[in-house]
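Trainee: Here is my input, please return the structure:
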Amino acid sequence: MADISNAVGLERLSRVVGYKITKGVSKVGGQNLPMRVAILGPANHANQSTVGTTPINFTSANEIGDVAGYGSPAHQIARILRPIFGGGIGGIPTVYYPQLEANGSTGTTIDVTVSGTPNKNVAHRLIINGRDNVDGEYYEFIIASTDTPTIIGGKIKDAINNVTNAPVTATNLLGVVTIASKWYGATSASLDVAVNTLGDASGLTYVVNNKVSGAGAESIATSLTQFGNEWNTIVLNPYGTAQHAALEAFNGTPSATTPTGRYTGIVFKPFVAVWGSTLSDKDAIVAITGASARMNQVTNVLAPAPNSKGFDWEAAANVILLMARTAQDTPHLDVNGQAYLDMPVPSDGLIGDMADYDSRDYLVKNGASTVSLENGVYTVQDMVTTYRPAGEIPPQFRYSRNLILDWNIRFGYLLLEQANVKDKALAGDDDFITVANVIKPKQWKGILFEYFDDLAQRALITQSAFSKESLVVEVSGSNPDRLNSTFKYKRTGTVRIASTDAEANFAF
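Mentor: Residues are numbered from 1 along each chain as shown. So this is what the prediction gives:
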């Protein structure tokens, strides 16, 4: 019989005692797939010479502000994922992949023209993309009854420039305040400015006009190549439809025969890419998600914020905050019923078609996520990909939760392979073995049987007996160094619809 300890080498003879500790693998199963969030996004124009394209693993919004510029889209995203008041995404890694602005890019500008004579001292506020403050710093300016439009314009300018995390800067010329986005490119065109007189105009008039939209399209190609062997499970796409095709081509699709991109068998590090939209018309949304090019794709997931004045990527950051924490801690659950934590809502409370159930049902069937407005906040109703192949009922990869569930099963399986199979000697089931680091097909089957039970206990699959019955493990007939395995599993569902019939009668 072989010696069961080699803490002291077997060649030793002189009197001695020895002891060593090894890493155990008795409980490899039961570990959730670690989430990792990749953030794409432009930096401020003033930071272009220093930001570079090297990925940055950050743990605070200020780290991104220092590199990409405070108020940049990247920083706006970071302050939602990692708020200065604590909480947020917690210990889940967040990595910023910068994109440099394209040559010839321009920013967006909007004018605010002040006219009239104030009849009293009063406070007014700017509202920039639905926010009258950022992290407690308000765009507020105090007007004295003796102020002229030029003086008031100067106060508006200071009210903006004194907010560190503002997405804009301002200049004043004789009461005409020009507000400019801090970053360049087409994404800056969503800049929105309004004035809130707080119910008392005090004889003043503010005209917001002369918007000149920015232009320029950044490339994400370099950033995607930098993913390498890292498993970025969730990607924030601030560019929306402009990058849908590029993300789909890179991520690829799962398939029983020819998976592509990050779904390829020897890679298998796929992601979902979340993009935000403030569209409220169902037909306008479906024109994007329901396009024929999207039907077989599993990559892009809409984060809706209908009629919000906020930036699209702020909606995406809110969804990712919910999605990543849920997938990290409780991957058997979905984000249904969870509320956005930091997204401006329409002042009139109207969210267009998404307020109607039939419209939400139509949207889901056409690859669009949905929300409702409950207690003054956006609340997730459905979080879906654009996947809906004709004739596939139900679509296997419609819900982003199902993808993350599948990835968890792969992750746990990989851990078991690494601990029990990889680089082990391959023996026959009937062989009598007296050495370590050997695997037999029947041993691997026994390990997987336990794994199926573990998955069922964690509510990732149902009917573990079905998986056990489907499992086949064999040594390849053509390659003695190859162990083949195949199995099936049934995902658990989520109660998305509860339907009950009740019969009412009179008592005679």
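Trainee: what's the distance between stretch 470-485 and the middle of its chain?
Mentor: Centroid separation for stretch 470-485 versus its chain: 38 Å, with C-alpha atoms, centre = their mean, to the nearest Å.
Trainee: Same question for stretch 213-233.
Mentor: Using C-alpha atoms, centre = their mean, the offset of stretch 213-233 from its chain centre is 14 Å.
Trainee: Now that stretch: buried residues?
Mentor: 214-216, 218, 220, 223-224, 227, 231-233 (16 or more other C-beta atoms under 10 Å). All C-beta atoms are positioned from the backbone trio N, CA, C, and that covers glycine.
Trainee: likewise stretch 184-196?
Mentor: So stretch 184-196, judged by 16+ other C-beta under 10 Å, has buried residues 184-188, 190-195.
Trainee: got it, and stretch 270-278?
Mentor: So for stretch 270-278, counting by 16+ other C-beta under 10 Å, buried means 270-278.
Trainee: Phi and psi next, for the closest residue to Tyr139 other than its chain neighbours.
Mentor: Sequence neighbours aside, Leu126 is the residue nearest to Tyr139 in space, at 3.7 Å (criterion: C-beta to C-beta, 6 or more residues apart in numbering). Backbone torsions of Leu126, given as degrees, to the nearest 10, read phi -90, psi 150.
Trainee: Tell me the pLDDT of Phe508.
Mentor: If you check Phe508, the pLDDT there is 83.
Trainee: these two touch, right, Gly154 and Asn172?
Mentor: Yes: if you go by C-beta atoms under 8 Å, Gly154 and Asn172 touch, sitting 5.0 Å apart.
Trainee: which stretch of helix or strand covers the residue nearest the centre of the chain?
Mentor: Geometric centre of the chain, nearest residue: Ile320, 3.4 Å, by C-alpha atoms, centre = their mean. Using DSSP states H and E, Ile320 falls within helix 312-329.
Trainee: Who are the packing partners of whichever helix or strand comes after that helix?
Mentor: Following helix 312-329 in sequence order, the next helix or strand is helix 357-365 (DSSP H and E). Where contact means 3 or more C-beta pairs under 8 Å, 6 or more residues apart in numbering; DSSP states H and E, helix 357-365 is packed against helix 282-289, strand 370-374, strand 377-382.
Trainee: hmm, 6 Å instead?
Mentor: On a contact count with 3 or more C-beta pairs under 6 Å, 6 or more residues apart in numbering; DSSP states H and E, helix 357-365 meets no helix or strand.
Trainee: now Gln463, nearest residue through space, not along the chain?
Mentor: Nearest in space to Gln463, with sequence neighbours left out and distances taken as C-beta to C-beta, 6+ apart, is Lys490 at 5.4 Å.
Trainee: Same question for His332.
Mentor: Closest to His332 by C-beta to C-beta, 6+ apart is Ala459, at 4.0 Å.
Trainee: confidence score at the one you found?
Mentor: 97.
Trainee: ok, now Ala7?
Mentor: At Ala7, pLDDT is 72.
Trainee: And for the closest residue to Gln297 other than its chain neighbours, the neighbour number?
Mentor: Nearest non-adjacent residue to Gln297, counting by C-beta to C-beta, 6+ apart: Glu248, 4.9 Å away. Neighbour count for Glu248, taken as other C-beta atoms under 10 Å: 21.
Trainee: Can you say which helix or strand has Glu248 in it?
Mentor: Using DSSP H and E, Glu248 maps to helix 244-251.
Trainee: Tell me which residues of that helix come out buried.
Mentor: Buried residues in helix 244-251 (16+ other C-beta under 10 Å): 244, 246-248, 250-251.
Trainee: returning to what we had before: check the contact between the residue nearest to Tyr139 and Glu137; I expect there is one.
Mentor: No: counting by C-beta atoms under 6 Å, Leu126 sits too far from Glu137 to count as a contact (11.8 Å).
Trainee: list the buried ones in the top helix by length along the chain?
Mentor: What stands out as the longest helix in the chain, according to DSSP state H, is helix 400-420. Neighbour counts over helix 400-420 (16+ other C-beta under 10 Å) mark 400-409, 411-413, 415-417, 419-420 as buried.
Trainee: which stretch of helix or strand covers Thr164?
Mentor: Going by DSSP H and E, Thr164 is not in any helix or strand.
Trainee: re the thing from before, and the gap between the residue nearest to His332 and Leu415?
Mentor: 19 Å (C-beta to C-beta, to the nearest Å).
Trainee: mind listing the helices in the stretch 101-250 of the chain by residue range?
Mentor: 149-161, 221-225, 244-251 (DSSP state H, counting those that start in this stretch).
Trainee: I'd like those written out as CSV, with mean pLDDT and distance to Pro42 added.
Mentor: As requested, the helices of the stretch 101-250 of the chain are exported to CSV (pLDDT from 0 to 100; distance: least, C-beta to C-beta, whole Å):
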stretch, mean pLDDT, distance to Pro42
helix 149-161, 98, 20
helix 221-225, 97, 11
helix 244-251, 98, 15
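Trainee: Serialize those helices to TSV and add fields for distance to Ala355.
Mentor: Listed next are the helices of the stretch 101-250 of the chain as TSV, based on distance: least, C-beta to C-beta, whole Å:
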stretch	distance to Ala355
helix 149-161	33
helix 221-225	37
helix 244-251	26
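Trainee: how's this structure carved up into domains?
Mentor: For the chain, automatic domain parsing gives the domain ranges 37-100+218-401, 109-212, 424-508.
Trainee: closest to Gly9 out of those?
Mentor: domain 424-508 (15.3 Å; C-beta to C-beta).
Trainee: and the end-to-end length of that closest one?
Mentor: With C-alpha to C-alpha, to the nearest Å applied, domain 424-508 spans 77 Å between its terminal residues.
Trainee: neighbours around the residue nearest to Gln463, how many?
Mentor: 13.
Trainee: can you pull the pLDDT of it?
Mentor: For Lys490, pLDDT reads 97.
Trainee: and it, what are its bridge partners?
Mentor: Counting by DSSP bridges, Lys490 is bridged to Thr462.
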